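*Asks:* Can you look at this prediction? I've put the sequence above it.
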Amino acid sequence: MTGYYDYVLGLIPAALIGVTAFLNLVGLSLTAALPGGALVAGAVMAHALFVRGPVTDVHGGAERSRTGSVGDSIDRAVERSRTGRSGAGGSD
């Protein structure tokens, strides 16, 4: 299952190459188009870091991941091991 950060990792080189190629095709020289592509790729990275940053929130003594279901399932497994519940057949 692909998530937000998988798309970001694919979009960084696509933005750099695609925007540079587009600006080059519309008449800018390569040396003028390359900073435009780098600016768009940098904006994608800045969005991934500062707008939807990969941070964990500490809530109730357990870290809960804001970004993915894998982190949530790990958190549930750790909590089950602390409380001694097996988790089989239960509703979390």
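*Replies:* All right, it came through fine.

*Asks:* secondary structure element for the closest residue to Ala38 other than its chain neighbours?
*Replies:* Counting by CB to CB, 6 or more residues apart in numbering, Leu16 is the residue found nearest to Ala38 once chain neighbours are left out, at 6.2 Å. In this view, the C-beta of every residue, glycine as well, is placed from N, C-alpha and C. In this structure, Leu16 is located in helix 4-25 according to DSSP states H and E.

*Asks:* in that helix, what's buried?
*Replies:* By neighbour count with 16 or more other CB atoms under 10 Å, helix 4-25 contains the buried residues Val8, Leu11, Ile12, Ala15, Leu16, Val19, Thr20, Leu23, Asn24.

*Asks:* Stretch 31-49 now?
*Replies:* Using 16+ other CB under 10 Å, the residues of stretch 31-49 that count as buried are Ala33, Leu34, Gly36, Gly37, Val40, Ala41, Val44, Ala48.

*Asks:* do stretch 75-83 as well
*Replies:* So, applying 16+ other CB under 10 Å, buried residues of stretch 75-83: Asp75, Glu79.

*Asks:* So what's the gap between that stretch and the chain middle?
*Replies:* Using CA atoms, centre = their mean, to the nearest Å, the mean C-alpha position of stretch 75-83 is found 25 Å from that of the whole chain.
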